[in-house]
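Peer 1: With the input below, show me the fold.
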Amino acid sequence: MTRYSVDPDRGELIATWGTGEGDLSTRIAALPATAGSSALLALARALALLSDAAWRTYTHPAGAAGSLEPNTEGWRREEERKHFAEVVDAITKPHLPSGGAVMVSYSHLLESANRVGRALHHLDAPDLTAAVLAEASGYEPTQVVLEADNIESLPHETPTLALGLIDDGATPHQAVTGLVRHATHITDGLLPDPTALREQLDDLEETVAEYTGEVEPDLADIALRLTPLDPKRPARDLLEDLLTGIHACWLLHSEYDEDDTEGLGTADEAEDWDDEQAEQHQHASRERFAQLVRETAAHHRDRLI
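Peer 2: Have a look, this model is predicted:
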């Protein structure tokens, strides 16, 4: 489970999580310099509560409670899991105090998201809100391009493979050079990783068997790619695919960041936009995303190739 804390010296929001062999941490966003410590700590606490509520839906699945009949514990757990789709809206449009009272959700998950939203509303820092919503999409980095493929058809194999290599511990430099080197070996007529090929063949046979229903399917007429890159131009092909990966990140950013609709009404009104409004929204969204990418690249410039 992820926990959140404030680094007062650096003015940063930090996320930490245990690995079983010690804790790891990462910087989420810079915090507004003018904000008081109590407001910042309230945000960190609200995020930790949201993380705890989300984690509980995995550690306490509905199926483990037995009955799913209405108003049983299993039913309540199943309903809580369904509320994930409403978390982003609760953060961006939280229940705010009115007349000395505030509406409280029966869902622990949604109420936690509302607390995060109220804390962000109090801080009034759009960049901080945007950074939290990148976290709130809920997708692992290795799944970003695959999820974006559901929004717009994308060649997702190579960027997903690169993200997987980095997730397994490779540096960005090692990931991309390794993929290019693998492709050039194949161009030279060499098979650089026989063990990986054997695993590919096993996976292919299982997939075909599942599709055809045959215990021992005939693979004679099925082609298997030895590399996801074009062996004739691997470096250029990898660059194009990684740019596609960045585009995939923008698709998810546009899907979750409601600040992109500023000046154009709410996201719910998008269906009524004319072509000019839709184009204006897309342009503003790309500009906003590009700025966030530049800021992140500047902060992690030591990781750039």
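Peer 1: Could you use CA atoms for every contact and neighbour count after this?
Peer 2: Fine.
Peer 1: Domains in this structure, by residue range?
Peer 2: As recorded under automatic domain parsing, the domains making up the chain are 3-136, 146-303.
Peer 1: could you redo those as TSV and give each row mean neighbour count and mean pLDDT?
Peer 2: As requested, those are exported to TSV (neighbours: other CA atoms under 10 Å; pLDDT from 0 to 100):
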stretch	mean neighbour count	mean pLDDT
domain 3-136	16	82
domain 146-303	15	75
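Peer 1: Contact partners for residue 15?
Peer 2: Residue 15 makes contact with 2, 3, 4, 5, 25, 26, 27, 28 under the criterion CA atoms under 8 Å, 6 or more residues apart in numbering.
Peer 1: tell me the SS of the closest residue to it other than its chain neighbours?
Peer 2: Closest residue to residue 15 apart from its sequence neighbours, by CA to CA, 6 or more residues apart in numbering: residue 4 at 4.5 Å. Per DSSP: H, G, I helix; E, B strand; the rest coil, the secondary structure class of residue 4 is strand.
Peer 1: Tell me which stretches of the stretch 51-200 of the chain form strands.
Peer 2: Taking DSSP state E, counting those that start in this stretch as the criterion, the stretch 51-200 of the chain contains no strands.
Peer 1: quick one, helices of it?
Peer 2: 73-82, 87-92, 108-123, 126-136, 144-148, 157-167, 172-187, 194-212 (DSSP state H, counting those that start in this stretch).
Peer 1: thinking again about what came up before, just give me the closest of the contacts of residue 15 to residue 115.
Peer 2: Checking the contacts of residue 15 against residue 115 with CA to CA, the nearest one is residue 4 at 14.2 Å.
Peer 1: Touching, the closest one and residue 14? I think so.
Peer 2: Yes. Using CA atoms under 8 Å, residue 4 is in contact with residue 14, at 5.6 Å.
Peer 1: which stretch among the helices of the stretch 51-200 of the chain comes nearest residue 37?
Peer 2: Nearest to residue 37, of all these, is helix 108-123, at 10.9 Å by CA to CA.
Peer 1: CA atoms only for that closest one, dumped as PDB, please.
Peer 2: In PDB, the C-alpha atoms belonging to helix 108-123 read as follows (Å, rounded to 0.1, in the frame of the first residue of the first chain):
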ATOM      1  CA  HIS A 108     -15.200   4.600   2.300                       C
ATOM      2  CA  LEU A 109     -13.400   4.700  -1.100                       C
ATOM      3  CA  LEU A 110     -15.400   7.600  -2.500                       C
ATOM      4  CA  GLU A 111     -15.400   9.600   0.800                       C
ATOM      5  CA  SER A 112     -11.600   9.200   0.900                       C
ATOM      6  CA  ALA A 113     -11.400  10.600  -2.700                       C
ATOM      7  CA  ASN A 114     -13.700  13.500  -1.600                       C
ATOM      8  CA  ARG A 115     -11.300  14.300   1.200                       C
ATOM      9  CA  VAL A 116      -8.400  14.400  -1.300                       C
ATOM     10  CA  GLY A 117     -10.500  16.700  -3.500                       C
ATOM     11  CA  ARG A 118     -11.300  19.000  -0.600                       C
ATOM     12  CA  ALA A 119      -7.700  19.200   0.400                       C
ATOM     13  CA  LEU A 120      -6.700  20.000  -3.100                       C
ATOM     14  CA  HIS A 121      -9.500  22.600  -3.400                       C
ATOM     15  CA  HIS A 122      -8.200  24.300  -0.300                       C
ATOM     16  CA  LEU A 123      -4.600  24.400  -1.600                       C
END
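Peer 1: Compute the inter-axis angle for it and helix 73-82.
Peer 2: Computed by axes from the mean of the first three to the mean of the last three CA atoms, to 10 degrees, the angle separating helix 108-123 from helix 73-82 equals 30 degrees.
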